[in-house]
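K.L.:
just a sequence and a predicted model for now, questions to come.
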Amino acid sequence: MEYEALRKIANDIRINIIKMVSNAKSGHPGGSLGATDIVTFLYFNVMDITKENAGTNDRDRFVLSKGHASPLLYAVLAEKGIIPKEELLTFRHLHTRLQGHPDMNELDGIDMTTGSLGQGLSAAVGMCLANKLDKNDHRVYCLVGDGECEEGQIWEAAMAAAHYKCDNLCAIIDNNGLQIDGKIEDVIGPAPFDEKFRAFGWHTINVDGHDFAQLEKAFAEAKTVKGKPTCIIAKTVKGKGVSYMENVADWHGKAPNAELTATALKDLEGE
Amino acid sequence: MARATREAYGDELERLVQENPKVVVLDADLAGSTNAARAAKYAPERFFDMGIAEADMIGVSAGLAASGYIPFASSFAMFCTGRVWEQIRNSVAYPGLNVKIVGTHSGISVGEDGVTHQAIEDMAIMRDITGLAVYCPCDQWETKAVIRQAMEENGPCYIRLGRAKVEDVFDENKRFDVRKINVLRSGRKVAVFATGLMVQMTLKAADILKEHGIDITVIDVCSIKPIDKEGVAGILKDHEQIFTVEEHSVTGGLGSSICEIACETVPRIVHRIGMFGFAESGEWQQLLHEYKLDGEGIAEQIMGYLGI
């Protein structure tokens, strides 16, 4: 898909993220908005997922290890036609399929149940091992938060992915620099990500996570790397597209009120 | 024949990997001790040593299960339950993924390694996880039946095995329904439910008690969850004094399970025999003797409760 059309879709996804979180009066807008360009690009220009094959494993898969960005994933699946758009406003409501954090048994197109940080990358490694046993060419993409890399299990999984030569795995670090308690370097300092992943035996690529051209080049490069997994470190702006949310840690996990929702939608619809 | 339940795990796993190309085996640097490594000889491409990284082993198992494979993930009971409780809850049980967690070296009979390696809480913490079955087989034959059942049934489970060699309670001709209790000996008034290694110790206790003129009913409970509620209630109904014996904390495991059924069906006073705190290092038979979990100790405790 052309970048311009893709930008329009990403903007619609951001609008839906704001509407979902606002309507639910809870949820995680900051990280969802920040990672929107990455996940939109993946679902529309990289992965072979369609409405028809969403309920199968016979395709590329995506693990949202930072499961709190569920509004983003649901909004993307709606844009792909995998879930009805009108269902988005049921997010976090009683009896909804759109649980606070993704539940793989509720929806086709949710490839792993996530939400407890640090666990998704291991599941992605398991899927890659399965793909190798099945001798198929499907790839597994896993979005990991930068703060999430403070979980030890991420590095256990990083070690295993390299040891088992999971070149069908591409992890993307959503490097927005913020976590709940503040700036990642002030909280505990998990960076540098590229040097660490390289030391663990991965191929690494640094990109601007809002630049489709850079993302396209990085995902294409990852596919050509043999014998090792690839980690794309994507610099992003938490809250991207909503003026008052950009680079503000406080918008990690709270919903805007009616007035701020209007401001956010104006920011996005004004584009 | 005496054979450790962990050895029986290896025996059956060798067969399963040859029979079923979907069976995969994972371990966390204890594959020799757990016997999981024996599967590698027959299916090297389906054996994954994940290193000393149990959390990742559980997550990778979840990913394999989400792709249609049947992972058997083993380590010592301490490390594949307690260390990774939340990974099991959120990445395996909540999505209902078909992962078989096999904890060997459970209980105090792991012996000299001491308290850090003696899992006496594993059944309690696994039993409380929604949708996770918990099995604790008593000998090699029951173990093999459980391992096979685990492969055949879709859904996550925890299988508790031991380090020490155990005598045969059953023989190779026994046809198991591992979800049902097994009445091994029928007595009067006194019923003793036991699980795992404690089954054979309870049978020894039954011999000692017989010399004192007490005939006890001995019941093997392999499936701690789901537990054979109907079978247990029937035993409670037919007996006056109820005992439970487990190589595990008296809270949360077999004893608690039987108490729950007694509360809900046939009210009985239940005496729980098991661990009341941490143990210590020692040779395994010495430890069982010290904590009154060998035949003599169990008989002594039962007689104490009965006031004999």
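P.N.:
Received the coordinates, thanks. Numbers count the residues shown, from 1 in each chain, chains lettered A, B, ... in the order given.
K.L.:
does B:Asp113 really touch B:Ser281, like I thought?
P.N.:
Yes: if you go by Cβ atoms under 8 Å, B:Asp113 and B:Ser281 touch, sitting 7.1 Å apart. Every C-beta, even on glycine, is put in place using the N, C-alpha and C of the backbone.
K.L.:
the two: which is more packed in?
P.N.:
With neighbours defined as other Cβ atoms under 10 Å in any protein chain shown, B:Asp113 and B:Ser281 compare such that B:Ser281 has more, 16 against 13.
K.L.:
nearest residue to the more buried one in space, please, no chain neighbours.
P.N.:
Nearest residue to B:Ser281 in three dimensions, chain neighbours excluded: B:Gly114, at 4.0 Å (Cβ to Cβ, 6 or more residues apart in numbering or on different chains).
K.L.:
chain B: helices as residue ranges?
P.N.:
With helices called from DSSP state H, chain B shows them at B:5-19, B:31-34, B:54-65, B:77, B:85-87, B:122-127, B:140-152, B:198-211, B:229-238, B:254-264, B:284-290, B:295-306.
K.L.:
the last one - what's its average pLDDT?
P.N.:
When you say that, I think you mean helix B:295-306. In this model, helix B:295-306 has an average pLDDT of 97.
K.L.:
in contact with residue 265, which residues?
P.N.:
As the question left the chain open, I've gone with chain A. A:Ile15, A:Ile18, A:Lys19 (Cβ atoms under 8 Å, 6 or more residues apart in numbering or on different chains).
K.L.:
try again with chain B
P.N.:
B:Lys229, B:Val232, B:Ala233, B:Leu236.
K.L.:
and residue 214, what does it touch?
P.N.:
By default, I'm working from chain A. A:Val207, A:Asp208.
K.L.:
the chain in question should be chain B.
P.N.:
B:Gly187, B:Val190, B:Ile302, B:Met303, B:Leu306, B:Ile308.
K.L.:
among those residues, which ones are buried?
P.N.:
Neighbour-count burial (16 or more other Cβ atoms under 10 Å in any protein chain shown) is assigned, among the contacts of B:Ile214, to B:Gly187, B:Val190, B:Ile302, B:Leu306.
K.L.:
isn't the last one right next to B:Phe243, touching?
P.N.:
No: applying Cβ under 8 Å, one finds B:Leu306 not in contact with B:Phe243, separated by 9.4 Å.
K.L.:
mutual contacts of these two, please.
P.N.:
Here B:Leu306 and B:Phe243 have B:Val190 as joint contacts, going by Cβ under 8 Å, 6+ apart.
K.L.:
of the contacts of A:Leu265, list those near chain B.
P.N.:
Among the contacts of A:Leu265, proximity to chain B is found for none (Cβ under 8 Å from any Cβ of the partner chain).
K.L.:
who wins for most neighbours among those?
P.N.:
Highest count within those by other Cβ under 10 Å belongs to A:Ile18, 28 neighbours.
K.L.:
let me know the average pLDDT across the helix or strand hosting that one.
P.N.:
Per DSSP states H and E: A:Ile18 is located in helix A:3-24. Helix A:3-24 comes out with an average pLDDT of 98.
K.L.:
so which residues make contact with it?
P.N.:
So helix A:3-24 is contacted by A:1, A:27-29, A:32-33, A:36-37, A:40-41, A:44-45, A:71-72, A:74-76, A:78-79, A:85, A:88-89, A:91-93, A:98, A:212-213, A:240-242, A:255-256, A:258, A:261, A:264-265, A:268-269, A:271 (Cβ under 8 Å, 6+ apart).
K.L.:
ok so, going back, now render the contacts of B:Ile214 as a markdown table, adding distance to chain A.
P.N.:
Shown next, in a markdown table, are these (distance: Cβ to the nearest Cβ, whole Å):
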| residue | distance to chain A |
| --- | --- |
| B:Gly187 | 47 |
| B:Val190 | 46 |
| B:Ile302 | 44 |
| B:Met303 | 49 |
| B:Leu306 | 48 |
| B:Ile308 | 52 |
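K.L.:
format those as CSV; extra columns: distance to A:Lys217.
P.N.:
Shown next, in CSV, are the contacts of B:Ile214 (distance: Cβ to Cβ, whole Å):
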residue, distance to A:Lys217
B:Gly187, 77
B:Val190, 76
B:Ile302, 74
B:Met303, 79
B:Leu306, 79
B:Ile308, 82
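K.L.:
circling back to that earlier point, for the helix holding A:Ile18, which positions count as buried?
P.N.:
For helix A:3-24, by 16+ other Cβ under 10 Å, it's A:6-7, A:9-24.
K.L.:
dump it to CSV, keeping only the CA atoms.
P.N.:
Provided in CSV are the C-alpha atoms of helix A:3-24 (Å, rounded to 0.1, in the frame of the first residue of the first chain):
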residue,chain,number,x,y,z
TYR,A,3,2.5,5.5,2.2
GLU,A,4,-0.1,8.2,1.8
ALA,A,5,-3.0,5.7,2.0
LEU,A,6,-1.2,4.0,4.9
ARG,A,7,-0.9,7.3,6.7
LYS,A,8,-4.6,7.8,6.4
ILE,A,9,-5.3,4.4,7.8
ALA,A,10,-2.9,4.9,10.7
ASN,A,11,-4.6,8.2,11.5
ASP,A,12,-8.0,6.4,11.5
ILE,A,13,-6.6,3.8,13.8
ARG,A,14,-5.4,6.6,16.2
ILE,A,15,-8.8,8.1,16.1
ASN,A,16,-10.3,4.8,17.1
ILE,A,17,-7.8,4.3,19.9
ILE,A,18,-8.9,7.6,21.4
LYS,A,19,-12.6,6.7,21.0
MET,A,20,-12.2,3.3,22.5
VAL,A,21,-10.2,4.4,25.5
SER,A,22,-12.4,7.4,26.1
ASN,A,23,-15.5,5.3,25.8
ALA,A,24,-14.1,2.7,28.2
